[in-house]
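Asks: for reference, the sequence and a predicted model appear below.
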Amino acid sequence: MERYPPASGGVTTKTNHANRCKWLMGDIPCGQSFAVFDDLIGHLGREHNVQGPAERKLVCHWCTHRGSCGNQYRRDAYRRHIATHLNISFPCTVTDCDKSFSRVDSMRSHVKKKHSKG
């Protein structure tokens, strides 16, 4: 399982409300804030029923500029999906590379393909 550090620890967000829950409850976003991404993920499971078997299909009710997100995804992918709503990015770990990725697995793949010797 991917661990997402707090917004200040190597992960950048493009908002002053890092890790604020914007899951819609009717027409109103939840609004609860969390210092750590994993705490937000736990909240989504407990309070908004974003839980269950890995293959469970979910519909995202995150508040966006156009209303509810509405994207469908498997429960095992919702951590990555929510991270995209928070504009979390993972910068390349190689010095002098300015690339950044929305998913940590994409950043790791980049490092392996572009920066590994051999």
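Replies: All right, it came through fine. Numbering: from 1, shown residues only.
Asks: how long is stretch 88-103 from one end to the other?
Replies: 8 Å (CA to CA, to the nearest Å).
Asks: if you could redo that for stretch 97-108, that was the one I meant.
Replies: 13 Å.
Asks: the protein: helices as residue ranges?
Replies: Per DSSP state H, the chain carries helices over the ranges 37-48, 78-85, 104-110.
Asks: tell me how far the last one lies from the chain's centre.
Replies: Between the centre of helix 104-110 and the centre of its chain there are 15 Å (CA atoms, centre = their mean, to the nearest Å).
Asks: equivalent analysis for the longest one, please.
Replies: Its chain's C-alpha centre lies 12 Å from the corresponding centre of helix 37-48 when counted by CA atoms, centre = their mean.
Asks: list the buried residues for that helix?
Replies: 37-38, 40-41, 43-44, 48 (16 or more other CB atoms under 10 Å). (Glycine included, C-beta is placed from N, CA and C.)
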